[in-house]
Structures are given as structure tokens and as C-alpha cells.
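Undergrad: any chance you can model this:
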Amino acid sequence: MEPLLSSFFESPMLKLLFLSTPVGPLGSGIGGGVELTLLNLAQEMSQRGHQVTVVGPKGSKVPNVFCQEISGNWQEMIQNNHRDTPILLPENSVLGNMWDYARKVQGDYDLMVNFAFDWLPFYLTPFFYCPIAHFISMGSITDAFDEIMNRVAVKYPKTIGVYTHSQAETFPFNNICRVLGSGLNLSLYNYCDTPDHYLAWVGRIAPEKALEDAIEAATRVNIPLKIFGKVTDEEYWQTIRQNYPDAPYQYEGFFNTIELQEKLSQCKALLMTPRWVEAFGNVAIEALACGVPVIAYQRGGPAEIVQDKKTGFLVEPDNISELVDAINQIDQIERKQCRHQAEADYSLKALGDRFERWFYELVEIP
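TA: The predicted model follows:
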């Protein structure tokens, strides 16, 4: 087959096929952090002149980038699985249909990029002749998935990308992962230097996010807590409501980027209380972009984002007393430093540079 890359450009333009997470349409927010990463990266690569096509579940919206919508049943979120959960593929799976489409059009692309944290794309990798880059968006969850990812990592050692070193360390192939971080369109986030008297917590409302720790800390310092995000575990949410009937919190709901940043920018600090190893934590850099300090457990991705005592505080995991101490010191943090960190490390340019170098290496462009 004739190579698709032109030799007439100093930096050749790539034809890229991005394959989305299958848990819901792009633009819905169901896909969480990896959805945001995909949307931002697709737009940045397109603006650099690369030809980008995104494949996503029906109803997906990708601003300024062509999206091939695929019908089928969404995949269940893997966060609900256990170590020994078997591999399951729903009937008429949108993920299976997306990869069937990719198989048919692979000859039109230089590189395919998988954003689905699912067993199937890894299993299919040896059956494609177009190279596939896998961007892994979570830490280790099931043994079966770890095994198939390890198999691909060993056979195609340059093709595995992750958010953070902490995330990579949960896998048996951690020494060959490409750490790529994340990034934002910073023009969408307004800096605020005069916050209101409340704290914020942002994320999926599910047990592994440990929302109750943030509520307990807010109760002890008697500062209102505003909660933003989707309720993905209704039983867990109702338990919290029963256990904290008089706590100073308010559930605000789920908002798009523009609405969220307007509300988030007004808070004194963002609390991040994950019970599990958070792969990255895009909400942390969204907060920093607004000038909001982040108080986070020193666990997983947030521990690699927050600059302790400079753009927030890192505290002992699961230690509510340390959360309280950090909240009481939050006025020591200069909010301008938070915005500066976001601009230096998490702009779309920084994100695009990291991924573009990786993509060029995978298609052997110097």
C-alpha cells in the first residue's frame, strides 16, 4: 500500500482516526475525563492541520471535527467491575460496531487512537494493519483486562499511553507506558481572584470518589460545600443524604464546561477525595485554570498535579483531619499561581505537543 504521509512537509500532516469511549455519546459528559481529553485533543490536532475523524456513539458532538456516529448499545462503566469480572460484550455493542467500522476504513488513516478503556480494542489490535495507539484512561481494575493490555504492551511496546506515573504503576507493563498528562482550552476558563465563601467537589457520585469525606470536612469547618457531577450510584447517594441530613452541602447537578467553570471559579478551594487511584483528575486542572486551589489526597493523579503549598495542598489519604487543616490554610495559596500552573503545564498546546510527538514516533516520523 502506498504511504499516506507526504514527504513535502517538514512536519508531515497525519490522518488520524480517534475511537471514542463507548459508555455514552461524546458531549454528554458520561465519559468523564477521557471524553474531555478526546474532545480537546481532536480539536487541537485538527487546528494543527492534521486530518482528524472521530468515531463515537450515536448522538456524539465534536466541535469543528467530523464525527462518524455509530449506533448500538453503550458499554457498562468498568468502574462497577471487580478483579474477577469476566469479559462481557452487550448484544449489538456500539463498541463492536465502532471497531467494525474502523476495520473497514483503516486504509485511509496513518494511525488509529483508541480511547476506550475496554478489552475489545486490545484484543483486536493484532488483526489490524493500521497502527493503533491506546490511550488508557484508568488504573488497573480487572485481571482479565490487565492480561490483554499486557499482551499488547509487550508486542507493541511504544503504543501504550497513560495520564500519569501513578496510573501506570498499577499495571504490570508500567515501565513502557508513555506518560502524556492532559490539557484544556484555557480560553474557556475565567480566572477569579475574589471567591465566595464555599468549597466545591466535582465528579461522579460513586463510592470510589468518597464524597462523604468532603462533606465531613466541610461540616467540621462549617463552610458550605457545592457538589457538581452525575449521580452514577443512586444507592450510594441516598446513603449520603441519610447519613448527613444537616451537613452544609448542596447538590448543584451536572454542568457543561462553560457553566461549570463559572460556578467552580467562585469557590475557595476544590476538594478531591478519591478512595481509588485516580488516573489523572481533569477537574483538578479545570480548577487551577480558574485560579482555584486544590486540596487532594496524596493518591493517584492529583498527587502529580497539585504543587503542595503552592497551588493547593496534598494530604494523607483518607485523613479528614488533614483535609480540615488544609481548608483552614487555604488563604495562604495565591490564586494567580494556580492559573500560572495551568497555563504552563496544561494548555492545549502543551497537550498537543506531547501527543503529536508520540504519534510521529508511532508512524516513524522523526
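
Undergrad: count the residues that sit near the residue nearest to Val94 when sequence neighbours are not counted.
TA: Spatial nearest neighbour of Val94, chain neighbours left out: Gly72 (3.2 Å); criterion: CB to CB, 6 or more residues apart in numbering. Placement of C-beta: from N, CA and C, glycine included. Gly72 sits with 18 neighbouring residues when counted by other CB atoms under 10 Å.

Undergrad: could I get the pLDDT score of Gly72?
TA: The score at Gly72 is 96. That number is its pLDDT.

Undergrad: from what I can see it touches Gly56, true?
TA: No - if you go by CB atoms under 8 Å, Gly72 and Gly56 don't touch, sitting 11.1 Å apart.

Undergrad: gap between the closest residue to Gly27 other than its chain neighbours and Ile136?
TA: In space, and not counting its chain neighbours, Gly27 is closest to Lys61: 3.7 Å by CB to CB, 6+ apart. Separation of Lys61 from Ile136 (CB to CB, to the nearest Å) stands at 24 Å.

Undergrad: what of Ser347?
TA: Using CB to CB, Ser347 is found at 23 Å from Ile136.

Undergrad: of these two, which one has the most company?
TA: Ile136 (26 against 19).

Undergrad: for the nearest residue to the more buried one once chain neighbours are set aside, what are its contacts?
TA: With sequence-adjacent residues excluded and distances taken as CB to CB, 6+ apart, Ile136 is closest to Val162, at 5.1 Å. Going by CB atoms under 8 Å, 6 or more residues apart in numbering, Val162 touches Phe135, Ile136, Ala168, Cys177, Arg178, Val179, Leu180, Ala279.

Undergrad: equivalent analysis for Arg299, please.
TA: Taking CB under 8 Å, 6+ apart, we find Arg299 in contact with Ser166, Pro274, Val277, Glu278, Pro317.

Undergrad: who touches both of Gly72 and Gly56?
TA: Contact criterion CB under 8 Å, 6+ apart; residues shared by Gly72 and Gly56: Met98.

Undergrad: helix/strand/coil for Asn16?
TA: Just so we're on the same page, residue 16 is Leu rather than Asn. strand (DSSP: H, G, I helix; E, B strand; the rest coil).

Undergrad: likewise for Phe313?
TA: Looking at Phe313 with three-state DSSP, the answer is strand.

Undergrad: looking at strand pairing, list the partners for it.
TA: Listed by DSSP bridges, the beta-bridge partners for Phe313 are Ile295.
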